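Undergrad: Build me a model:
(one chain, ligands or ions: 1)
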Amino acid sequence: MMPLLFSLDDAHPLLSPLCRGLHADAGRLERRRFPDGESYLRIHNEVTGRPVLVLADLSHPDDKFLPLSFLCDTLKEMGASQVGLVAPYLCYMRQDCRFHSGEAVTSRTFARLLSQQVDWLVTVDPHLHRYHSLDEIYRVPSTVVQAAPLLADWLGERQEPLLLVGPDAESEQWVSQIAARSGHDYVVGSKVRSGDRQVTVQLPDLSAWHRHTALIIDDVISSGQTVLRCLQALRAQGLNRVDCAAIHGLFADRIEQQLTDNGLRRLITTNAITHPSNTIDLSPLLLAPIRKHLAAS
Ligand SMILES: O=P(O)(O)OC[C@H]1O[C@@H](O)[C@H](O)[C@@H]1O
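TA: A predicted model of the protein is given here:
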């Protein structure tokens, strides 16, 4: 039976390519808010016995999680044969530890809550730092898609000598993969974060690459401070041609103009989260794992 694909965001750039690639019908969803702010949601499709996919942008998740839960729960109540979640950006992965007593380890709690709503999960480069696999916290089958090959192929089209720069030790997993596939050199800096927006980045001596264009690579741009400090550190060493590629662009603080003012030439993101910088389409990577889960459930 053809799958149905729902999204809480009709404008998500992955919606059409996934529908086309999976031969899925787009689900018809009616949504509004009651005057008191509660959600009204109505599904206008017959879902009994049908496999259903939900595409969810989980950036800024606190307002989105409840409607998503209502949708998934209703689909199951109405008899969908399976409800799979495609969340290109998986939120609540960065608080992966109780750094101070009493802190909520929100990655674990969120994983428990989401695991109750869906039968499987496909996501792209979740922030696996202290966790090695989503299976440590998620209780449903999941597939992690890596965007590195797409980023590396995109880099392969560029002629100029590039130095790939990971701002911190966590970024090495992405930058090293992209460097190996694209053949460019890479370095990794060291970052100290003393607050949500207080970040310092130190880079090794880059004099061997002073003629190169630097490309900062990171998994997620949230406040943008990591990229900003890395950009400033590069320019302080005389590397004046600096671009940045990130998998997930949250841009929580709308820092784009500040990055440009500090000399960033080009900003590139995948279409996991809608943003004018979206350059790399993730849909070719998502189709195979989605088909695999659809067939297995
Ligand atoms: O500095 P902002 O943009 O706030 O946060 C993003 C950074 O924080 C890390 O967890 C990410 O891997 C990335 O390096």
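Undergrad: Can you name every helix or strand that the helix ranked longest in the chain contacts?
TA: Residue-count comparison of every helix in the chain, with assignments taken from DSSP state H, identifies helix 62-77 as the longest. Contact partners of helix 62-77 among helices and strands, from 3 or more C-beta pairs under 8 Å, 6 or more residues apart in numbering; DSSP states H and E: strand 39-43, strand 51-55, strand 82-87, helix 106-117. No exception for glycine: its C-beta is placed from N, CA and C like everyone else's.
Undergrad: rerun at 10 Å
TA: strand 4-7, strand 29-33, strand 39-43, strand 51-55, strand 82-87, helix 106-117 (3 or more C-beta pairs under 10 Å, 6 or more residues apart in numbering; DSSP states H and E).
Undergrad: Make JSON lines from the ones you listed and add mean pLDDT, mean neighbour count and distance to residue 190 to it.
TA: Putting the helices and strands packed on helix 62-77 into JSON lines (pLDDT from 0 to 100; neighbours: other C-beta atoms under 10 Å; distance: least, C-beta to C-beta, whole Å) gives the following:
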{"stretch": "strand 4-7", "mean pLDDT": "98", "mean neighbour count": "23", "distance to residue 190": "39"}
{"stretch": "strand 29-33", "mean pLDDT": "96", "mean neighbour count": "12", "distance to residue 190": "45"}
{"stretch": "strand 39-43", "mean pLDDT": "98", "mean neighbour count": "14", "distance to residue 190": "44"}
{"stretch": "strand 51-55", "mean pLDDT": "98", "mean neighbour count": "25", "distance to residue 190": "37"}
{"stretch": "strand 82-87", "mean pLDDT": "98", "mean neighbour count": "24", "distance to residue 190": "31"}
{"stretch": "helix 106-117", "mean pLDDT": "98", "mean neighbour count": "18", "distance to residue 190": "24"}
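Undergrad: can you pull out the helices in this protein?
TA: When secondary structure is read from DSSP H, the chain shows helices at 15-22, 62-77, 106-117, 148-156, 172-182, 225-236, 256-261, 283-296.
Undergrad: Can you tell me which of those is nearest to residue 212?
TA: With C-beta to C-beta, the closest approach to residue 212 among these belongs to helix 225-236: 10.2 Å.
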